[in-house]
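Colleague: give me a 3D structure for the following:
(2 chains)
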2 protein chains.
Amino acid sequence: MDDVLSRAAELGRHSDSPRNYTRTYLTPAHQAAARQIAAWMREAGMAVRVDALGSVVGRCEGPPGARTLLMGSHFDSVRDGGKYDGVLGILLPIAVVGELNRRGERPPVALEVAAFADEEGARFKTSFLASRAMLEGAASVRALLDRRDADGVTFADAMRAVGLDPDRLDEARIDPSKLCAYFELHIEQGPVLLGQGAALGVVTSIAGGSRHLVTVRGEAGHAGTVPMPMRRDAMAAAAEMVLAVEECAATDQLVGTVGMLEVKNGTGNVIAGEVGFTVDLRAPDDPRRRALEDRVFALFDAIAARRGVRVEKSRRHEVRAAPCAEWLQEQVAAAIASVGAEPVRLPSGAGHDAMIFAGVVDVGMMFVRCGAGGVSHNPAETVTAEDASLAARALLRFVRDFRAR
Amino acid sequence: MDDVLSRAAELGRHSDSPRNYTRTYLTPAHQAAARQIAAWMREAGMAVRVDALGSVVGRCEGPPGARTLLMGSHFDSVRDGGKYDGVLGILLPIAVVGELNRRGERPPVALEVAAFADEEGARFKTSFLASRAMLEGAASVRALLDRRDADGVTFADAMRAVGLDPDRLDEARIDPSKLCAYFELHIEQGPVLLGQGAALGVVTSIAGGSRHLVTVRGEAGHAGTVPMPMRRDAMAAAAEMVLAVEECAATDQLVGTVGMLEVKNGTGNVIAGEVGFTVDLRAPDDPRRRALEDRVFALFDAIAARRGVRVEKSRRHEVRAAPCAEWLQEQVAAAIASVGAEPVRLPSGAGHDAMIFAGVVDVGMMFVRCGAGGVSHNPAETVTAEDASLAARALLRFVRDFRAR
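Modeller: Numbering: from 1, shown residues only, chains lettered A, B, ... in the order given. Predicted coordinates for the structure are as follows:
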């Protein structure tokens, strides 16, 4: 099969910046990458189209009347990102289709490989834009057309500059009834497979999450003159809440993170009067996440009451969990096992285009081990040649053995 | 006796700002306040001199050959401060000397009232400048002469502008062997007397303190993809350390404060890789403070080791504790009791000019209850008329009954 890591390196040279790997929506580097992906798709024997948002879609026909297995991921990146994030889920399916073609095999269903033009949304602060447009058409995009990038260029003008027509957004829509499944292969972006010594994983669900902004108001005071029992220290209260988040998320595949914390007008010799912090809570399914929120906030209230401070929480962001279909999990696990690897099951803590498709079609995902401690969205992101080759063989098997339900 | 609160209000009108009470070293408002204080001293029957740093010192002779009881505090302020901080310890001694004079009584020792020109040091980022210069002369000041205020004016030029000579700093020196004691009356700047329903307090010591900058380095990561047991979260580790400070300082008149904390490059969906925070530790005496530091830092090390993060601590600031002399505590307590008040003993958590004098002469301090929850360095700072009057009577008694040791 094609050397996927060499192709990832080649694609990685198409960057908005000469200093690092950054490829944002509709820039010259982004368009060069799109052309390169289209060329590889054609080389693999696929018919290629570019949709109304700039996503590149290659098609390989199956038996007459068969529905389509759509395999996709994104080719935009975060700023100063890693070269495998998204790209691996485009290059491996192309390699597999190319291999089938070389063997003269017709796949059991029609295959499409979608290279989504915008998932990270670094340029216009969007998210899952290209996959959303495939399912929702103009409705999910129109309101964003006036947004400007950091240089003041509007989204609509950026489209026109590459020959896309902001008045024809609806043409991005596909007919989901023609899909039998959506499948996404992705680098794990975490350390679970690495920690378990496993190359490949079966994703059980894409975790849902919520983000909250919490404000704790106590009473400022002189660090020397207010005795400890008389304090209403917003920092100490917030510290207890940070540990409460950690404790509540300690089991059951939950995660809870306080990633940002600020003491308002903080100085070394003044007891903190006000502290603000973020709380990010995620769980493999929504009932578990809501139960986690309830536990965390009940503890916040108890801590605030005991310490005589006030606490306010406001929800800023919520994404529902997307479970992967059992029958797809089984086929992914069987494919992994068939190449001699252990099919470790794990939830995806990060979001993927698969979440968007989960609303209309059964979805499945395969993870590839992330090297360098599980670091992603970072130049240190790595995949070994062995793991890439194993993933290619497992994916080939998955596609050849695929049975739509 | 003179109405000290009216005088505090009158002095409060001499402010650098029309919007709030701010009186910094050598500004026109500061010089106007100095002239007003000198006038009140003369009115009380004192001989007045202005020293080389601009401090105003009034003298009332005692019996021939008697040493001097020096009573002092400062008349500069923090920005947007309270009108009693410092000022109360100048106006009350002036009122007491005036009262003795009106009664035709000669005090048992010579009395001096020192109105220190610069203690807060808001203009040139100095601290205890005027009292230091009295004891150390040019040595403690010369290195600061090139410092500039926010408008670019040097300390030396600011001196010249008001007729002081930066080449004659040594003339500020007094002969400490002529002092029998230093005494300072001050608003408490904390809530202890308020909490105990006591108007006046006997200060047992001025707490020593140290300030530390602590950096915790863990590992940044995706808030969704790194399972809780695999994290090395710098924020969670720091939170545990904040609570360790609080716990270690919970008894024994200790205080410990984390007033500033920052997550480096913190964002809501990233596990904190690095957190920096301040630790302010204070105790009534140095052995207890050092033991507190040792306990806190041992816990930091244990927390870091358990969580797999690194912790670095660097000391930024250290002030040794200044115990008040027992014999002065007893005379202050007797004076307070003589006016029917309870002589509550308490340490001073804030620093005062008395700390500087403690190096060369026995020092004593009396606190006056601070209203409004014990708030100071703030426009909300208050003293009631009753407390001011009680303090005046107690101070009169203290001076009349004073016996040098």
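
Colleague: domain boundaries for chain A, per the record?
Modeller: A:4-207+A:321-400, A:208-319 (automatic domain parsing).

Colleague: next up, identify which helix or strand A:Arg315 is on.
Modeller: Here A:Arg315, judged by DSSP states H and E, is contained in strand A:310-319.

Colleague: give me the sheet partners of that strand and which way each runs.
Modeller: The pairing partners recorded for strand A:310-319 under DSSP bridges are strand A:208-217 (antiparallel).

Colleague: check the residue lying closest to A:Glu105 once chain neighbours are set aside and give its pLDDT.
Modeller: Leaving aside its sequence neighbours, A:Glu105 sits nearest to A:Arg400 (CB to CB, 6 or more residues apart in numbering or on different chains; 7.1 Å). In this view, the C-beta of every residue, glycine as well, is placed from N, C-alpha and C. On the pLDDT scale, A:Arg400 is placed at 98.

Colleague: and A:Thr267, by the same measure?
Modeller: 86.

Colleague: helix or strand: which one has it?
Modeller: For A:Thr267, there is no helix or strand it lies in under DSSP H and E.

Colleague: how many neighbouring residues does it have?
Modeller: 13 (other CB atoms under 10 Å in any protein chain shown).

Colleague: check contacts around it.
Modeller: Residues in contact with A:Thr267 (CB atoms under 8 Å, 6 or more residues apart in numbering or on different chains) are B:259-260, B:278.

Colleague: point me to the residue of the stretch 51-200 of chain A nearest chain B.
Modeller: A:Gly190 (3.0 Å; CB to the nearest CB).

Colleague: and the closest residue in space to that residue that isn't next to it in sequence, how many neighbours does it have?
Modeller: Nearest non-adjacent residue to A:Gly190, counting by CB to CB, 6+ apart: B:Thr225, 3.0 Å away. Using other CB under 10 Å, the number of residues around B:Thr225 comes to 27.

Colleague: contacts only, for B:Thr225.
Modeller: The neighbourhood of B:Thr225, defined by CB under 8 Å, 6+ apart, consists of A:188-192, A:348-350, A:374, A:376.

Colleague: redo the residues you listed as TSV? Include neighbour count, pLDDT and secondary structure.
Modeller: Converted to TSV, the contacts of B:Thr225 look like this (neighbours: other CB atoms under 10 Å in any protein chain shown; pLDDT from 0 to 100; DSSP: H, G, I helix; E, B strand; the rest coil):
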residue	neighbour count	pLDDT	secondary structure
A:Glu188	27	96	coil
A:Gln189	26	94	coil
A:Gly190	29	93	coil
A:Pro191	24	93	coil
A:Val192	24	94	helix
A:Ser348	29	96	strand
A:Gly349	24	93	coil
A:Ala350	22	92	coil
A:Gly374	24	88	helix
A:Ser376	25	87	coil
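
Colleague: ok, residues contacting the strand holding A:Arg315?
Modeller: Strand A:310-319 is contacted from outside by A:208-218, A:237, A:241, A:279, A:297, A:300-301, A:303-304, A:351, A:355, B:268, using CB under 8 Å, 6+ apart.

Colleague: can we see that at 6 Å?
Modeller: With contact meaning CB atoms under 6 Å, 6 or more residues apart in numbering or on different chains, strand A:310-319 is reached by A:208-217, A:300, A:304.

Colleague: restricting to C-alpha, output stretch A:271-282 in CSV.
Modeller: Taking C-alpha atoms only, stretch A:271-282 is exported to CSV below (Å, rounded to 0.1, in the frame of the first residue of the first chain):
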residue,chain,number,x,y,z
ILE,A,271,-6.4,37.9,50.4
ALA,A,272,-8.2,37.1,47.2
GLY,A,273,-11.6,38.7,47.0
GLU,A,274,-12.7,37.2,43.7
VAL,A,275,-11.5,34.3,41.6
GLY,A,276,-12.8,33.1,38.2
PHE,A,277,-12.1,29.7,36.7
THR,A,278,-13.2,27.4,33.9
VAL,A,279,-14.6,23.9,34.4
ASP,A,280,-14.5,21.4,31.5
LEU,A,281,-16.5,18.2,32.1
ARG,A,282,-16.7,15.3,29.7
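
Colleague: going by neighbour count, list what's buried in it.
Modeller: For stretch A:271-282, burial by neighbour count (16 or more other CB atoms under 10 Å in any protein chain shown) applies to A:271-282.

Colleague: ok, which of those also contact chain B?
Modeller: The residues of the buried residues of stretch A:271-282 that also fall near chain B, by CB under 6 Å from any CB of the partner chain, are A:271-272, A:278, A:280, A:282.
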